[in-house]
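1. mind folding the following:
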Amino acid sequence: MPNNPQIILDNRPVAEATLSNFKLVTRETPDLQDGQVLVQHHFLSLDPYMRGRMNDAKSYTAPQALGEVMGGGTVGEVVESRSPLFTPGDRVVGMGGWQTYSVVDAATPGALRKVDTTHVPLSYYLGAVGMPGVTAWYGFNKIIEAQPGQTVVVSAATGAVGSAFAALAKTRRCRVVGIAGGPAKCQYATKELGFDACIDYKLHTDAAALSSALKAVCPDGIDGYFENVGGMVLDAVMLRMNDFGRIALCGMIAGYDGKPVPMNYPALILRSRLKIQGFIVSEHMDLWPEALQELAMLVATGKLQPRESVAQGLTAAPEAFLGLLKGKNFGKQIVKLI
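-> Predicted coordinates:
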């Protein structure tokens with residue numbers, strides 16, 4: 001069995017996460033037992049939710065254990081199998097974490113899934129046709145429930161979730177507006193992802209200014225909002241929400257370093273009779289097959305053309321992850337291992 005380079009969580013961050021929180025180690029890969037498979041990872045996923053797991057705090061999932069491999073999604077190839085469910089050469093998606101290999105109990109529900117790379121590139125199963133894409137699908141279809149002609153807005157518009165959200169919204173004939181950081185991302189949103197408009201939040205110093213920019217591109221108000229950021233961005237959007245608007249609350253990256261993220265206009269929830277619902281997509285696994293089927297079709301037909309930021313090699317993962325938290329990525333952030 002091969003030696004296995006891994007990135008572990010060495011210590012917990014105090015406020016902002018740093019490179020010193022991570023450590024590269026190499027461990028022996030255990031021999032396979034009956035029912036297990038050995039997967040060599042080709043790509044691993046970096047996602048904002050990982051920052052919250054680095055803290056030893058109550059959350060919807062257990063904290064990342066110290067001294068253990070950083071958890072996360074992976075795609076790769078079965079290189080050895082002692083399970084009738086998989087054969088060497090199968091392309092698979094799982095939760096192998098920040099390491100080169102993983103040993104997986106193949107019969108565990110949801111642990112490993114075969115994927116077809118005929119029309120969908122392998123790495124896309126970590127983004128557009130993976131957890132981020134399903135996140136967009138659930139928030140749009142089950143919380144926002146926008147109707148044709150309505151206006152919907154998404155923050156972090158050019159990321160893996162935002163790009164999938166736009167494709168879904170356009171197929172349902174909605175007007176979709178993005179919020180992103182920088183002119184290059186905004187141009188990509190409108191020229192390639194199909195957004196009707198995109199606002200550069202970096203041009204605005206406070207919620208009032210950002211809200212004014214939203215008013216200009218959403219003259220009929222906002223019916224649905226998919227939230228990834230929180231803070232000033234959420235305040236700005238709430239000022240433009242129509243009565244009975246729906247907000248799908250997926251992430252609050254503005255507060256991932258432990259700083260309080262106040263809501264400055266909570267009275268708007270009552271005044272405008274808003275529905276604000278947080279959700280965790282892993283709690284809705286029964287809907288994943290339906291979502292993945294539609295997302296794969298959008299990719300295969302060219303209606304969803306996601307962009308990826310690719311870091312090279314396992315040792316690049318920590319720096320790429322910290323960059324993701326600061327918005328340095330352009331599209332889905334992944335790490336290429338081979």
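
2. and the gap between the closest residue to Phe321 other than its chain neighbours and Ser83?
-> The shortest distance from Phe321 to any residue other than its chain neighbours is 4.8 Å, reached at Leu46 (C-beta to C-beta, 6 or more residues apart in numbering). C-beta coordinates here come from the backbone N, C-alpha and C atoms, glycine included. Using C-beta to C-beta, to the nearest Å, Leu46 is found at 29 Å from Ser83.

3. neighbour count for those two, which is higher?
-> More crowded of Leu46 and Ser83, by other C-beta atoms under 10 Å: Leu46, with 25 against 18.

4. then His42 would be within a strand, right?
-> Yes. Applying DSSP: H, G, I helix; E, B strand; the rest coil, one finds His42 inside a strand.

5. list the contacts for it?
-> For His42, the contacting residues are 75-77, 122-123, 336-338, by C-beta atoms under 8 Å, 6 or more residues apart in numbering.

6. quick one on the thing from earlier: ok, the residue nearest to Phe321 - contacts?
-> 72, 311, 317, 320-321, 324, 329, 333-335.

7. could I have the buried ones of the residues you listed as ChimeraX selection syntax?
-> Selection of the buried residues among the contacts of Leu46 in ChimeraX, burial being defined by 16 or more other C-beta atoms under 10 Å:
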select :72,311,317,320,321,324,329,333,334,335
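
8. tell me which of the contacts of Leu46 fall in helices.
-> Within these, residues falling in helices by DSSP state H are 317, 320-321, 324.

9. what number of residues lie near Phe22?
-> For Phe22, the neighbour count with other C-beta under 10 Å is 21.

10. that one contacts Leu9, doesn't it?
-> Yes. Look at Phe22 against Leu9 with C-beta atoms under 8 Å: they come within range, at 6.6 Å.

11. which residue ranges of the stretch 151-300 of the chain form strands?
-> With DSSP state E, counting those that start in this stretch, the ranges of strands along the stretch 151-300 of the chain come out as 151-155, 175-180, 197-200, 222-227, 241-249, 275-278.

12. adding distance to Gly302, mean pLDDT and mean neighbour count, write those strands out as a markdown table.
-> Shown next, in a markdown table, are the strands of the stretch 151-300 of the chain (distance: least, C-beta to C-beta, whole Å; pLDDT from 0 to 100; neighbours: other C-beta atoms under 10 Å):
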| stretch | distance to Gly302 | mean pLDDT | mean neighbour count |
| --- | --- | --- | --- |
| strand 151-155 | 20 | 97 | 30 |
| strand 175-180 | 17 | 97 | 27 |
| strand 197-200 | 20 | 98 | 22 |
| strand 222-227 | 23 | 98 | 26 |
| strand 241-249 | 26 | 98 | 20 |
| strand 275-278 | 32 | 97 | 15 |
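
13. of these, which is nearest Pro109?
-> Closest to Pro109 of the strands of the stretch 151-300 of the chain, according to C-beta to C-beta: strand 275-278, at 25.0 Å.

14. same for that closest one, what does it pack against?
-> Secondary-structure packing of strand 275-278 (3 or more C-beta pairs under 8 Å, 6 or more residues apart in numbering; DSSP states H and E): strand 241-249.

15. what's the angle from the strand it packs on to strand 222-227?
-> Counting by axes from the mean of the first three to the mean of the last three C-alpha atoms, to 10 degrees, strand 241-249 lies at 20 degrees to strand 222-227.

16. partner strands of strand 241-249, parallel or antiparallel?
-> Looking at strand 241-249 with DSSP bridges, its partner strands are strand 222-227 (parallel), strand 275-278 (parallel).

17. now the longest one - C-alpha only, CSV.
-> As requested, the backbone C-alpha atoms of strand 222-227 are provided in CSV (Å, rounded to 0.1, in the frame of the first residue of the first chain):
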residue,chain,number,x,y,z
ILE,A,222,-36.1,41.8,-5.3
ASP,A,223,-38.3,38.7,-5.0
GLY,A,224,-35.7,36.2,-3.9
TYR,A,225,-32.2,36.3,-2.6
PHE,A,226,-29.6,33.6,-2.1
GLU,A,227,-27.2,34.6,0.7
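
18. thanks a lot, see you next time.
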